[in-house]
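In: starting from these lines, generate the structure:
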Amino acid sequence: MIILPAIDIKNGQCVRLVKGDFSTTHKVATNAVETAMSFKKSGAEFIHMVDLDGALEGKQVNRDFFINVASATGLPVEVGGGIRDIRTIEDYLSNGISRVILGSVALKNPQFVKESVAKYGEKIAVGIDAKNGFVSTDGWLKTSNIDFIEFAMVMESIGVSVIIFTDIGRDGTLTSPNFEQLNEINNAVSCNIIASGGIKDISHIKELNKNGLYGAICGKSIYEGTLNLEEAIIAGAYGIRP
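Out: Here you go, the predicted structure:
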């Protein structure tokens, strides 16, 4: 299982939120590149980054931060937030980003996802952010009536190979991942599932690994010191890795 340390950018700063609530925004690091380099030193193989402003505005806002991190570290970087058109996808992928995450647009325009996957394959991931089991959009401000499993199966059917699943109610809480929903989605589709939200410590990493998850995104746990990144990477390496 691959461990993806997270760097979320808002107003040019590295921040974390609780349950996606922008009123809880707090700064967790000074410099994105320095933070990513520290992750690399700990053995990180992939960096997860989110443009929080972009998620709200539906366009690229903090573009250069992501490209700079990819360039400086030489690590694969995946980016989500505000990616709504093929021009943005092409811009990121042609400037060193390894994978882009389609969120709100995937629910609103599945045909666009299908076309993107046909062109870029595994470089396209879909983020399924759920609240009480229903898919949320627009920076998690709106909740649809679409069940997360139903949506995952649609994404699988159009060729998506990587899904990032976040239980919004757990995100930034350090309580626990939603193992039940993660296992449900992992068993429902053949896509590689990356877990996000609620991870606190090494016991959670080991449990996710035991359950056959492809990856785990860790943010607040690393910044708060409840999870040692190097230890998590070692623990993740002992599982099934598609």
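
In: residues contacting the one helix or strand in the chain whose mean pLDDT sits lowest, please?
Out: The weakest-scoring helix or strand in the chain, judged by mean pLDDT, DSSP states H and E, is strand 21-29 (a mean of 81). Applying CB atoms under 8 Å, 6 or more residues apart in numbering, the contact partners of strand 21-29 are 7, 10, 13-18, 35, 52, 56, 139, 172, 220, 223. (C-beta placed from N, C-alpha, C; glycine too.)

In: go again with 6 Å.
Out: 10, 13-18, 35, 223 (CB atoms under 6 Å, 6 or more residues apart in numbering).

In: got it, and stretch 109-121?
Out: By CB under 6 Å, 6+ apart, stretch 109-121 touches 102, 105-106, 124, 158-160.

In: for residue 42, state which of those is nearest.
Out: Nearest to residue 42, judged by CB to CB, of those is residue 124 at 27.7 Å.

In: quick one, grab the pLDDT at that closest one.
Out: Confidence at residue 124, expressed as pLDDT, is 98.

In: try residue 141
Out: Confidence score, pLDDT, at residue 141: 72.

In: which of the helices or strands spans residue 34?
Out: Taking DSSP states H and E as the criterion, residue 34 maps to helix 32-41.

In: quick one: buried residues of stretch 23-37?
Out: By 16 or more other CB atoms under 10 Å, the buried positions in stretch 23-37 come out as 25, 28-29, 32, 35-37.

In: count the neighbours of the nearest residue to residue 96 once chain neighbours are set aside for me.
Out: Distances taken as CB to CB, 6 or more residues apart in numbering put residue 70 closest to residue 96, at 4.0 Å, once the chain neighbours are dropped. When neighbours are counted by other CB atoms under 10 Å, residue 70 registers 23.

In: and the one 5 residues further on, by the same measure?
Out: Per other CB under 10 Å, the neighbour tally for residue 75 reads 17.

In: also residue 235?
Out: Residue 235: 19 neighbours (other CB under 10 Å).

In: so who does it touch?
Out: Neighbouring residues of residue 235 by CB under 6 Å, 6+ apart: 202, 205-206.

In: gap between the nearest residue to residue 158 once chain neighbours are set aside and residue 106?
Out: Leaving aside its chain neighbours, residue 158 sits nearest to residue 114 (4.2 Å; criterion: CB to CB, 6+ apart). Distance, residue 114 to residue 106, by CB to CB, to the nearest Å: 10 Å.

In: residue 75 now?
Out: If you go by CB to CB, the gap between residue 75 and residue 106 works out to 25 Å.

In: so residue 218 makes contact with residue 199?
Out: Yes - at 5.3 Å, residue 218 and residue 199 qualify as touching, with contact defined as CB atoms under 6 Å.

In: format the buried residues of stretch 23-37 as CSV; extra columns: distance to residue 176.
Out: Formatted as CSV, the buried residues of stretch 23-37 follow (distance: CB to CB, whole Å):
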residue, distance to residue 176
25, 23
28, 21
29, 24
32, 28
35, 25
36, 27
37, 30
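
In: which of the residues you listed sit farthest apart?
Out: 25 and 37, at 23.5 Å, using CB to CB across those.

In: tell me which helix or strand the spatially closest residue to residue 44 that is not a sequence neighbour sits in.
Out: What sits nearest to residue 44 in space, not counting adjacent residues and going by CB to CB, 6+ apart, is residue 5, at 5.3 Å. Element membership for residue 5 (DSSP H and E) is strand 2-10.

In: pLDDT of that strand, averaged?
Out: Per-residue scores along strand 2-10 average to 97.

In: can you give me how far that strand is from the chain middle?
Out: 7 Å (CA atoms, centre = their mean, to the nearest Å).
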